[in-house]
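[1] Mind folding the following:
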Amino acid sequence: MATSQPTYRFGPYELRTQSRELFKLGSKLRLRPQSYQVLQLLVEHAGDAVTREDLQSALWPDAIATDFELGLNTCIKELRGLLSDSATEPRYIQTLPKVGYRMIRAVTVDQPLTPEQPPARPESAVAKPVSPASVGLGQQRAGGAGWKWAATVTVFLVLLLAPVGYLRWAKSRERAQTSAARTMLAVLPFDNLTGDPSQDYFSDGLTEEMITQLGRLDPQHLGLIARTSAMRFKNDRKGVGEISKELGVQYVLEGSVRRDAAKVRITAELIRTSDQSHLWSQEYDRELTSLLAVQSEIAQEIAREIKITLRQGADGETPGKVSAAALSPNTYQAYDLYLEGRYFWNKRTPQGFQRAAEYFQQSIEKDPTYARSYAGLADTYALISGYDVVPPNVSMPKARAAAQTAIKLDDHLAEAHVSLAVIAQNYDWDWRTAEKEYRRAIELDPNYATAHHWYAEFLALTGRFDEAFVEMERARQLDPLSLIIAADRGAILYFSRQYDLAIAQFRAVLEMEPAFARAHIIVNAYVQQGKYDEAMAHIAQWRKADDNPWIQIIVVYVLGRSGHREQAKRELEKSKSLNWRDSPLGISVAYIGMDDKDQAFAWLEKAYAAHSTSLTALKVDPTYDPLRSDPRFQDLLHRMGLQP
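    Model prediction:
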């Protein structure tokens, strides 16, 4: 039997090496064999140069120079036409004058299956570019043998999930095998059949609760796709096969909910994605007050149907079994208000956070012993300052109090431990406590994508990039469609000075959501590469989608770094209509761009006094490189606990 070959994905395109075909959004494109071979070489070496000598040695070994040039130029022209690419403004294939070509788009790879393997999860198109760093392809090659060997190593490392080439391949292999052993399940958004859109919070809340309960059954063997990825299919319900491909799952749970004043009807159906067979379905008519018990019942039914081998405790009980009583509030009203709070919290907007806080507080009033409402309130206050709603010195103490209360009521809530971790990290700068709490949260709930995501950020902020990429990959596997996870992976690439890969990652995110704020860090990556025109062009596009006046400060930074100091000063003068004290760190960055170190440090001290959240990147953000040799900078790092 022929050995399965990997499939490469970049943007909306899919290169299937087994059948030697190129697809775009599921539709096959016509591609000549020689052009296919050129494209395969480029994607195998994504991010690095493939020289003309390599291409000739591989595809035209016996051709004379003129035939080779004509053949190669024809292939590149055909590929750019199929990819809607441009030689002058490339998004995929970049020309390297007198050298060759380079694939500049993030490329991911699907692992080939063996007959014994269960279906593996495909990589997300915005998640993990193939890393040239892992194989050293940036060096000149003596001939075809060099790049063929390197290509083999590239595919091998990627198949083992070695993030960005930093990790030892043996450890990556162990992680990949562990990951492959887990069954992956997606709980799709439950349909709201009440006919009342205002009840969406209830059906969405039920979806989230099912994810939570199923995730507690047996985290070592059952992985749950996070809510943010699952909710992408709420209003754009696709076929099971397509959902399986996008999320990398073996099973899908679909359902609906209908409720009135006292009763609820829930239907649930489990589908195996490999053959789309309907394995199990059930309908439940219950009193609203027993809703959590119904959720637990559904979770146990699914576990039995998927035939997960749950480990047995010494007392014969199943450790992963969910106790509805342990999760239930004393009054149903408290639970209902909690669901509404989570609904608005997940919107991640200033208005959403304010509404969420109101609902969580009302839930607490209904039942002061319900730990999850305190955890929700802690999550709200922990994030709200980052949206310019409440200053950190106001919101963070409230977040701490709520999280501590949640843990006193139930020490096994992963969400509460993550809240304590982010408070310790962003407000206290207590790095030891932050790591302890992140680890505790992951121990309690290995399926909690946010715990892995925020822990990855912590590791990056402390300069532990190897570990950060591993943790971020775990977050991505649990939440493959999350734009914030994809964008924060780009931020870690930027912090680790991998600017080409960071730019490719940010571009992928922005193609999916042009207004996604976190991805605009791409401007900083351009600046670090000296690509000031690209930085200003991106800012111009950014302003079309966002009228945030603070973008003006970024303009000052770019103009200053590009040597246009006088123009930067004029632009800074215009920004004085803003309240600079609202963003002291932003003003500091503007002065860094203008090479005014005294003013930069003066505003850094203001940011330090205000406990500005973004100051936590001080150790790793290349923006601060011009200040690093100054003793004042080292002193600031020391005071923040980022340096001995």
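
[2] what's the span of stretch 635-644, first residue to last?
    Between the start and the finish of stretch 635-644 there is a gap of 10 Å, counting by C-alpha to C-alpha, to the nearest Å.

[3] what about that stretch, average pLDDT?
    Average pLDDT, stretch 635-644: 93.

[4] What residues of it count as buried?
    Across stretch 635-644, burial judged by 16 or more other C-beta atoms under 10 Å covers 636-637, 640, 642. To be clear about C-beta, it is placed using only N, CA and C from the backbone, and glycine gets the same treatment.

[5] Give me the distance from stretch 270-278 to the chain's centre.
    27 Å (C-alpha atoms, centre = their mean, to the nearest Å).

[6] ditto for stretch 275-283
    Counting by C-alpha atoms, centre = their mean, stretch 275-283 comes out at 31 Å from the chain centroid.

[7] do the same with stretch 15-32
    How far stretch 15-32 lies from its chain's middle: 27 Å, per C-alpha atoms, centre = their mean.

[8] if we can go back for a sec, please convert the buried residues of stretch 635-644 to JSON lines, extending it with distance to residue 470 and secondary structure.
    Shown next, in JSON lines, are the buried residues of stretch 635-644 (distance: C-beta to C-beta, whole Å; DSSP: H, G, I helix; E, B strand; the rest coil):
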{"residue": "636", "distance to residue 470": "29", "secondary structure": "helix"}
{"residue": "637", "distance to residue 470": "25", "secondary structure": "helix"}
{"residue": "640", "distance to residue 470": "25", "secondary structure": "coil"}
{"residue": "642", "distance to residue 470": "21", "secondary structure": "coil"}
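
[9] Residue 30: which of those is nearest?
    residue 642 (54.7 Å; C-beta to C-beta).

[10] Now do the contacts for that closest one.
    429, 431, 461-462, 618-619 (C-beta atoms under 8 Å, 6 or more residues apart in numbering).

[11] Which pair of those residues spans the longest distance?
    Spatial extent of the contacts of residue 642 (C-beta to C-beta) is set by the pair 431 and 618 at 12.5 Å.

[12] okay, these two: which has more neighbours?
    The residue with more neighbours, out of residue 431 and residue 618, is residue 618; 24 against 17, by other C-beta atoms under 10 Å.

[13] Low-confidence ranges, the chain, go.
    Low-confidence segments of the chain, defined by pLDDT under 70: 1-4, 25-27, 63, 65-66, 111-181, 237, 289-296, 299-332, 388-389.

[14] tell me, what residue is most central in it?
    Per C-alpha atoms, centre = their mean, the C-alpha nearest to the average position across the chain is that of residue 485, at 1.4 Å.

[15] any idea how far that one lies from residue 417?
    Taking C-beta to C-beta, to the nearest Å as the measure, residue 485 falls 19 Å from residue 417.

[16] could you pull out the helices for the stretch 501-644 of the chain?
    522-528, 532-545, 551-561, 565-574, 584-593, 597-609, 631-639 (DSSP state H, counting those that start in this stretch).

[17] okay, these in JSON lines with distance to residue 58 next?
    Below are the helices of the stretch 501-644 of the chain laid out as JSON lines (distance: least, C-beta to C-beta, whole Å):
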{"stretch": "helix 522-528", "distance to residue 58": "32"}
{"stretch": "helix 532-545", "distance to residue 58": "32"}
{"stretch": "helix 551-561", "distance to residue 58": "41"}
{"stretch": "helix 565-574", "distance to residue 58": "49"}
{"stretch": "helix 584-593", "distance to residue 58": "45"}
{"stretch": "helix 597-609", "distance to residue 58": "51"}
{"stretch": "helix 631-639", "distance to residue 58": "49"}
